[in-house]
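[1] Based on what follows, work out the 3D shape:
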Amino acid sequence: MSEPTGKYSITMPRDIAEAAKARGGPSGLSAYVAAAVARQIERDNLNELIQVAEAEHGPVTDEEVQALRDQLHQARREGAAGGANAA
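    Numbers count the residues shown, from 1 in each chain. Prediction:
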C-alpha cells in the first residue's frame, strides 16, 4: 500500500520548476519533487549522523577517507572478477 499523500503549495524559481517539470516525464512534477525532497532528507539525516559521530570520535581525516575509498574500489574489482569467473 502506498503512503497517503497531501496537496501542498510551494514557491520556487520558474526556471527550476520548468526544468523539474520537463525531467518529471510521465511520473509528473509531483513525483519528481517528492523524490528530490526525499533525497535531501536522507542527506540531512546522514549529515546529522556524521556530526554526532565526529563530536564523539573527532573528524575523519582525508587519509582515512582515501583508505576507505581504496577498500571499496578493491572490493568492487574483486566482485567484478568473481562475477566474470562464475560465468
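
[2] What are the buried residues along the least confident helix or strand in the chain by mean pLDDT?
    Least confident helix or strand, the chain: helix 62-86 with a mean of 89, by mean pLDDT, DSSP states H and E. Residues of helix 62-86 include none that count as buried (16 or more other C-beta atoms under 10 Å). From N, CA and C alone the C-beta is placed, and that goes for glycine too.

[3] average model confidence for the helix or strand that contains residue 23?
    Taking DSSP states H and E as the definition, one finds residue 23 inside helix 14-24. Summarised as a single mean, pLDDT over helix 14-24 is 95.

[4] residues in contact with that helix?
    For helix 14-24, contacts defined as C-beta atoms under 8 Å, 6 or more residues apart in numbering pick out 29-33, 36.

[5] other SSEs contacting the least confident helix or strand of the chain?
    With contacts taken as 3 or more C-beta pairs under 8 Å, 6 or more residues apart in numbering; DSSP states H and E, helix 62-86 sits against no other helix or strand.

[6] and stretch 62-75, how far from the chain's centre?
    Here the centre of stretch 62-75 is set off from its chain's centre by 19 Å, with C-alpha atoms, centre = their mean, to the nearest Å.

[7] what's the answer for stretch 47-64, then?
    19 Å.

[8] for stretch 20-34, which positions count as buried?
    Under 16+ other C-beta under 10 Å, the buried positions of stretch 20-34 are 32-33.

[9] next one: it to chain centre, how far?
    17 Å.

[10] Put the alpha carbons of that stretch into CSV.
    Extracted in CSV, the C-alpha atoms of stretch 20-34 (Å, rounded to 0.1, in the frame of the first residue of the first chain):
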residue,chain,number,x,y,z
ALA,A,20,11.9,19.7,-12.9
LYS,A,21,8.6,19.5,-14.9
ALA,A,22,10.5,18.6,-18.0
ARG,A,23,12.5,15.9,-16.2
GLY,A,24,9.5,14.6,-14.4
GLY,A,25,8.3,12.9,-17.6
PRO,A,26,5.4,10.5,-17.3
SER,A,27,5.7,10.5,-13.5
GLY,A,28,5.0,14.2,-13.3
LEU,A,29,6.3,17.1,-11.4
SER,A,30,4.9,16.0,-8.0
ALA,A,31,6.7,12.7,-8.2
TYR,A,32,10.0,14.3,-9.3
VAL,A,33,9.8,16.9,-6.5
ALA,A,34,8.9,14.3,-3.9
